[in-house]
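Any chance you could fold what I've pasted below:
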Amino acid sequence: MTKTVTFYFDYGSPATYLAWTQINSIIEEANATLNMVPILLGGVFKETGNTSPASVPAKGKWMSNDLKKHAKIYNVEFNSNSFFPINTLNIMRGAIAAKSMNIFQEYSEAIFNGIWVKDLNLGDIPILQEYLEKNNIDTKKLFDLAQSNEVKTMLIQNTKKAVDQGVFGAPTFLIKNELIFGQDRLNFLKLALKS
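Next up, the predicted model:
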């Protein structure tokens, strides 16, 4: 029986970007199925009382160095974002809209790279629109869908369900009933896929 990994994510998390660069090869190797679920990390923090590591100066500095080391290990491009933390409300709604337009992979690649490689402020709507258009994404259709009540409600529901399942940050993976938090625990995910 094929195992399914639920990947709760928010584009605004640098650790989530790094996990995203590795997840497809892990899933393919395990012959598993990936279900990426957009959530609003700010909503998760609010509901759980958690905060971003960046809000603790010493931890933020440590984490920044830690992320750069992981990027080196993974052999992927990574840059700190000058506009961090980015308001991801619109881009997370966009992720749900992109799924319904069957362009989720292209959208995710554009957003993750825009924030964590190209150092763009994709929380700024005009910048986001111009950038997505350069990446051949129909922004009119995407933005119309992203502002629909259905998409707004789905993002709220995704976030609530994640919190109900024990999620307190991103990235978080759920396989069967096992919750695995953090891109630095991808080996735990590999173990869970083998068991």
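
mind checking pLDDT for A15?
Residue-level confidence at A15 comes out at 97, pLDDT.

Against P85, how distant is it?
In this structure, A15 and P85 are separated by 13 Å, where distance is defined by C-beta to C-beta, to the nearest Å. No exception for glycine: its C-beta is placed from N, CA and C like everyone else's.

More neighbours: the two, which one.
Neighbours were tallied for A15 and for P85 using other C-beta atoms under 10 Å; the higher tally belongs to A15 (20 against 14).

So that one: helix, strand or coil?
helix (DSSP: H, G, I helix; E, B strand; the rest coil).

show me what contacts the closest residue to L174 other than its chain neighbours?
Distances taken as C-beta to C-beta, 6 or more residues apart in numbering put T6 closest to L174, at 4.2 Å, once the chain neighbours are dropped. Contacts for T6 (C-beta atoms under 8 Å, 6 or more residues apart in numbering) come out as N35, V37, F173, L174, I175.

Show me just the buried residues among those.
The neighbour count (16 or more other C-beta atoms under 10 Å) marks V37, F173, L174, I175 as buried among these.

between the residues you listed, which is nearest K68?
The shortest approach to K68 among these belongs to F173, at 22.5 Å (C-beta to C-beta).

Could you confirm the closest one falls within a strand?
Yes - the secondary structure assignment for F173 places it in a strand, going by three-state DSSP.

I'd say it and F9 touch.
No - because the distance of 9.6 Å does not satisfy C-beta atoms under 8 Å, F173 is recorded as not touching F9.

intersection of neighbour lists for the two?
Residues touching both F173 and F9 do not exist when contact is defined as C-beta under 8 Å, 6+ apart.

picking that back up, flag every buried residue along the helix or strand harbouring the residue nearest to L174.
Applying DSSP states H and E as the criterion places T6 in strand 4-9. Of the residues in strand 4-9, those with enough neighbours to count as buried (16+ other C-beta under 10 Å) are V5, T6, F7, Y8, F9.

Tell me which residues touch N87, please.
When contacts are counted by C-beta under 8 Å, 6+ apart, N87 touches G12, G123.

let's see 7 Å
N87 sits next to G123 when contact means C-beta atoms under 7 Å, 6 or more residues apart in numbering.

again with R185
Contacts of R185 (C-beta under 7 Å, 6+ apart): none.

hmm, 10 Å instead?
With C-beta atoms under 10 Å, 6 or more residues apart in numbering as the criterion, the residues that contact R185 are A19, P171, T172, F173, L191.

Looking at those residues, which is nearest T159?
The shortest gap between T159 and any of the contacts of R185 belongs to T172, at 11.7 Å (C-beta to C-beta).

What's opposite the spatially closest residue to that closest one that is not a sequence neighbour in the beta bridge?
Nearest residue to T172, sequence neighbours excluded (C-beta to C-beta, 6+ apart): Y8, at 4.5 Å. Taking DSSP bridges, one obtains V37, T172 as the residues bridged to Y8.

Right, I'll leave it there.
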